[in-house]
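*Asks:* Sequence and predicted structure are below.
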Amino acid sequence: MSNNLVADVHDLKTRLEWGQPGFTIVDVRDRHTYNHGHITGAIPIPLDDLASRAKSSLHTKRHIYIYGENDEQSAKAAQVLRASGFVEVAEIQGGLSAWKTAGGATEGVGA
């Protein structure tokens, strides 16, 4: 995945289905939105807290898939992580709606 800036939901779904280890999914939307519904297994770190929490919450060597309210927010979050020393960061193109369309598993009160 080296230096891939954007990840296709189908590729991510395949990685999950095959049980491939070594990656983290981060949801940067606000906590209320996250609680309403998110990609199964995603870690909630709101965008406003991302810079301060990234180093303590995430491994810099892991592959990180990130998504927000829209592709613009995802890109901003990925930029924050890259500036914090994370190398393997990919934005999930289309975010949660694309994930649902691809049949990806979700959890939360409105999932």
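*Replies:* Nice, thanks for sending it over.
*Asks:* Does residue 80 touch residue 49 like I think?
*Replies:* No: the pair residue 80 / residue 49 is not scored as a contact, 10.2 Å apart, by Cβ atoms under 8 Å. For glycine as for every other residue, the C-beta is placed from the backbone atoms N, C-alpha and C.
*Asks:* For those two, indicate the residue with more neighbours.
*Replies:* residue 80 (18 against 13; other Cβ atoms under 10 Å).
*Asks:* Look up the residues forming beta bridges with the one residue sitting closest to the centre of the chain.
*Replies:* Closest to where the C-alpha atoms of the chain average out (Cα atoms, centre = their mean) is residue 66, at 2.3 Å. Beta-bridge pairing of residue 66 under DSSP bridges involves residue 26, residue 91.
*Asks:* so it sits right up against residue 93, yeah?
*Replies:* No: shown here, residue 66 and residue 93 do not form a contact pair, counting by Cβ under 8 Å, at 11.0 Å.
*Asks:* so what's in contact with those two at the same time?
*Replies:* Residues touching both residue 66 and residue 93 (Cβ atoms under 8 Å, 6 or more residues apart in numbering): none.
*Asks:* mind listing the helices for the chain?
*Replies:* 9-17, 31-36, 47-57, 71-83, 95-101 (DSSP state H).
*Asks:* Select, out of the ones you listed, the one closest to residue 109.
*Replies:* Of all the helices of the chain, helix 31-36 sits nearest to residue 109, with 5.8 Å by Cβ to Cβ.
*Asks:* residue contacts, residue 28?
*Replies:* Residue 28 sits next to 45, 46, 47, 50, 66, 67, 68, 73, 74, 77 when contact means Cβ under 8 Å, 6+ apart.
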